[in-house]
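Trainee: quick one, fold the following:
(chains A and B)
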There are 2 protein chains.
Amino acid sequence: MEKISFRSASADDCGKILFFIRELASYEKMSDEVVATEELLREWLFDKQIAEVLFVCEYGREAGFALFFHNYSTFLGRAGIYLEDLFVLPEYRGKGYGKAVLKKLAEIAVERGCGRLEWSCLDWNRPSIDFYLSLGAVPLEDWTVYRITGDTLKKLAE
Amino acid sequence: MEKISFRSASADDCGKILFFIRELASYEKMSDEVVATEELLREWLFDKQIAEVLFVCEYGREAGFALFFHNYSTFLGRAGIYLEDLFVLPEYRGKGYGKAVLKKLAEIAVERGCGRLEWSCLDWNRPSIDFYLSLGAVPLEDWTVYRITGDTLKKLAE
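Mentor: Numbering: from 1, shown residues only, chains lettered A, B, ... in the order given. All right, here's what the predicted structure looks like:
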């Protein structure tokens, strides 16, 4: 068995995916924002196929996960890959799993003819930022994301 | 005929979509970054269906366009709508078409059970930022997007 391997998640993995989402939220100090359930993951990831989940494994055991979907660049005219979540369990850190996932996603992007690989990072997360810069990633410093959610979204829709 | 109406783009609209993409790029001072072609738009938007395009029309004439796709929030467990491009032609500005598009997208988001509507804005674009804040949008100021593209993407994939 290879030390590092990848496995695409299936609908049977919703419990495992939720575990990783909660671990990541705890790391980002945002646990109270997690309202996802296994049922919601099943509906949106596996019935509607809005996003894909990849596990990175050490000797077959899930060490981390990546959730990604296609975005689209009108300037390039092509899809990109947007990495929404990347998380490696604390006991597996510093062993190259994060980099292995980004390499794997770059491979998938090139295979599918996508023009970009993108993700967001919290500005206080200096270790991750240094790691991303070392891979040649460019920060889009002139842009800010705006969000409408919850009741504001419903009100705007009326 | 209603003054304001919406029309979903079809594969026959690729020329019109490319026209709007180029107008937007010119406004953003990024014209040299547009490498999209009608063929690429046809492939990725209408064959692979990676994103959707909506025209906002004044008495049936296209006054602006919006290109959007589904993103996914692991914390909410649901898809969101990400508005990649919103552009209203200069001669139609100040008449409420931008707001009409955002309201329409909020409606689509609520109909489809999505949790969020999001987009990015250049930090120097103060008129747009004030408009977004007036709608109740929240800027995600602690986050920065990182991007790997071109040769750096290919090198990482090797």
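Trainee: angle of the longest strand seen in chain A against strand B:61-73?
Mentor: Among the segments of chain A that qualify as a strand by DSSP state E, the longest is strand A:61-73. Between strand A:61-73 and strand B:61-73, the angle comes out at 170 degrees (axes from the mean of the first three to the mean of the last three CA atoms, to 10 degrees).
Trainee: do strand A:61-73 and chain B meet at all?
Mentor: Yes. Contact of strand A:61-73 with chain B (CB under 8 Å from any CB of the partner chain) involves A:67, A:69, A:70, A:71, A:72, A:73. Any C-beta I mention is one placed from the backbone N, CA and C, and that applies to glycine too.
Trainee: what are the pairing partners of that strand, and which direction each?
Mentor: Here strand A:61-73 is paired, per DSSP bridges, with strand A:52-58 (antiparallel), strand A:78-88 (antiparallel).
Trainee: so which of those strands comes closest to residue B:56?
Mentor: strand A:78-88 (24.1 Å; CB to CB).
Trainee: tell me the secondary structure for residue A:145?
Mentor: In three-state terms, and counting by DSSP: H, G, I helix; E, B strand; the rest coil, residue A:145 is strand.
Trainee: list phi and psi for the residue lying closest to it once chain neighbours are set aside.
Mentor: Distances taken as CB to CB, 6 or more residues apart in numbering or on different chains place residue B:140 nearest to residue A:145, at 4.4 Å, with adjacent residues excluded. As for residue B:140, its main-chain torsions (degrees, to the nearest 10) stand at phi -90, psi 80.
Trainee: got the contact list for residue B:140?
Mentor: By CB atoms under 8 Å, 6 or more residues apart in numbering or on different chains, the contact list for residue B:140 reads A:120, A:144, A:145, A:146, A:147.
Trainee: the first one: how many residues sit nearby?
Mentor: Pointing back at residue A:120 there. 16 (other CB atoms under 10 Å in any protein chain shown).
Trainee: hey, C-alpha coordinates of stretch A:16-28 in PDB?
Mentor: C-alpha atoms of stretch A:16-28 as PDB (Å, rounded to 0.1, in the frame of the first residue of the first chain):
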ATOM      1  CA  LYS A  16     -16.700  11.500   7.900                       C
ATOM      2  CA  ILE A  17     -17.000  14.700   5.800                       C
ATOM      3  CA  LEU A  18     -19.000  16.300   8.600                       C
ATOM      4  CA  PHE A  19     -16.400  15.300  11.100                       C
ATOM      5  CA  PHE A  20     -13.700  17.100   9.000                       C
ATOM      6  CA  ILE A  21     -15.900  20.200   8.500                       C
ATOM      7  CA  ARG A  22     -16.300  20.400  12.300                       C
ATOM      8  CA  GLU A  23     -12.600  20.000  12.900                       C
ATOM      9  CA  LEU A  24     -11.800  22.700  10.400                       C
ATOM     10  CA  ALA A  25     -14.400  25.100  12.000                       C
ATOM     11  CA  SER A  26     -12.900  24.500  15.400                       C
ATOM     12  CA  TYR A  27      -9.400  25.400  14.000                       C
ATOM     13  CA  GLU A  28     -10.800  28.600  12.400                       C
END
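Trainee: do a quick rundown of the strands in chain A.
Mentor: Ranges of strands within chain A are A:4-8, A:52-58, A:61-73, A:78-88, A:116-122, A:138-139, A:143-149, based on DSSP E.
Trainee: quick one on the thing from earlier: same list (the contacts of residue B:140) but as CSV, adding distance to residue A:154 and pLDDT.
Mentor: Listed next are the contacts of residue B:140 as CSV, based on distance: CB to CB, whole Å; pLDDT from 0 to 100:
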residue, distance to residue A:154, pLDDT
A:120, 25, 97
A:144, 24, 97
A:145, 20, 98
A:146, 17, 98
A:147, 14, 98
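Trainee: how close does residue A:95 get to residue A:127?
Mentor: Distance of residue A:95 to residue A:127, given as CB to CB, to the nearest Å: 14 Å.
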